[in-house]
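1. Sharing a model prediction with you, sequence too.
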Amino acid sequence: MQPTPAATKPSEKYMVPVVQSTFRILEELSRTGALGLNDVTQRTGISKSTVFRILTTLTRLGYVVRDNSRSYYVSQAVGDLVSAGASVEAVRRAALPHMLELRDQFGETVNLGRLEFDKVTYVEVVPSEYALRLHERPGATVCLHASALGKAILAFSDEDFAANLIRGRELTMFTRNTITDPQELMTELRRVRERGYAFDRNETSSLATCLAAPITRSGAAIAAISISGPSSRFNPRKDARVIESLLKAADSVSRQLRTHPEAASKSGRKPARQR
């Protein structure tokens, strides 16, 4: 006896149309590369308004990038969904010995962070042994625009990707030093790119100072490492050794990860453009 159609096809009762449309769009972009809004609409057969809303959402989340020509393409962040855990652990293992060395050398808290959606998540924290210290913890998040970790990662990401994360959203003011103007922040990111490291000049807290450098592969940041401490005690701008040691540590981790491409290729970001 031939099975009935109901027995051979899964029930569509619980299917969510917008989820189907989202994956249809992602599949089309994956196959064809960059496409404009009208091209996506024609190729998928989904209404233009729905395509626009889905693409806008995916762009804000970092899974799709919109370039200057108003074309959309899939970010490698989609691949992070499959094996992000293994990637993060590989970076953490590579960075931890260097983080311990930095903490022992300068006595301040050392942090490892990676971009997740529109914030930086602390992957590992080696706390200072001083009684007066900053209290970051793994799993906590910090805003991109006000943190040295965030600025180091964005500066070594694709410029269109960084602009999409910065523009069109409120840049919260935490202190009077917080950069809240998108254009000013983009200018600051170019300076970070040129010198190779980023400062948090009392931008998240008026009591804290932080210095960060990117961990990169093929010019793109996959994470960042930082040293942070109370501003009353920690001033890396007056101690060249701090900057030199941090840059050396970040470079060592980057070189170590190049020997394990499966760990470093999950950045979710296009390589930063040479400027």
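-> Noted; the coordinates are in hand.
2. Tell me, what's the model's pLDDT at the residue nearest the centre of the chain?
-> Central residue of the chain (CA atoms, centre = their mean): Leu115, 2.5 Å from the mean position. At Leu115, the pLDDT value in this model is 91.
3. What is the three-state secondary structure of it?
-> Taking DSSP: H, G, I helix; E, B strand; the rest coil as the rule, one finds Leu115 in the strand state.
4. That one and Ala162, how far apart?
-> Per CB to CB, to the nearest Å, Leu115 is found 10 Å from Ala162. Where you see a C-beta, it was placed from the backbone N, CA and C, and this is true even at glycine.
5. Likewise for Leu189?
-> Applying CB to CB, the value for Leu189 to Ala162 is 6 Å.
6. was I right about Ala224 contacting Ser157?
-> No - contact criterion CB atoms under 8 Å: Ala224 and Ser157 do not qualify, at 10.7 Å.
7. Could you pull up phi and psi at Phe199?
-> With angles defined as degrees, to the nearest 10, Phe199 sits at phi -110, psi 150.
8. Could you check how many residues crowd around it?
-> 21 (other CB atoms under 10 Å).
9. Next up, the contacts around it.
-> Residues in contact with Phe199 (CB atoms under 8 Å, 6 or more residues apart in numbering) are Ala148, Lys151, Thr209, Cys210, Leu211, Ala212, Pro236, Arg237.
10. can you rerun that using 7 Å?
-> Applying CB atoms under 7 Å, 6 or more residues apart in numbering, we find Phe199 in contact with Ala148, Leu211.
11. What distance do you get for it to Leu246?
-> Distance of Phe199 to Leu246, given as CB to CB: 11 Å.
12. Which neighbours do these two have in common?
-> Common contacts of Phe199 and Leu246 (CB under 7 Å, 6+ apart): Leu211.
13. tell me the mean pLDDT for stretch 142-155?
-> Rounded mean pLDDT across stretch 142-155 is 94.
14. Flag the shaky bits of the protein, pLDDT-wise.
-> Along the chain, segments meeting pLDDT under 70 span 1-11, 76-86, 259-275.
15. at 80 what do you get?
-> 1-13, 33, 67-69, 75-87, 131-136, 168-169, 218, 237-238, 258-275 (pLDDT under 80).
16. May I see the domains of it written out as residue ranges?
-> 16-74, 80-264 (automatic domain parsing).
17. Highest mean neighbour count out of those domains?
-> When you average the neighbours per residue for each of the domains of the chain (mean count of other CB atoms under 10 Å), domain 80-264 leads with a mean of 19.
18. tell me the SS of Asp200?
-> Three-state call for Asp200 (three-state DSSP): strand.
19. Please tell me how far it sits from Arg233.
-> Counting by CB to CB - Asp200 and Arg233 are separated by 15 Å.
20. repeat for Ala221
-> According to CB to CB, Ala221 stands 28 Å off from Arg233.
21. for the stretch 151-275 of the chain, what spans make up the helices?
-> In the stretch 151-275 of the chain, the segments counted as helices under DSSP state H, counting those that start in this stretch are 159-166, 182-195, 240-258, 261-264.
22. Using a markdown table, please lay out the ones you listed together with distance to Arg92.
-> Converted to a markdown table, those look like this (distance: least, CB to CB, whole Å):
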| stretch | distance to Arg92 |
| --- | --- |
| helix 159-166 | 23 |
| helix 182-195 | 23 |
| helix 240-258 | 10 |
| helix 261-264 | 10 |
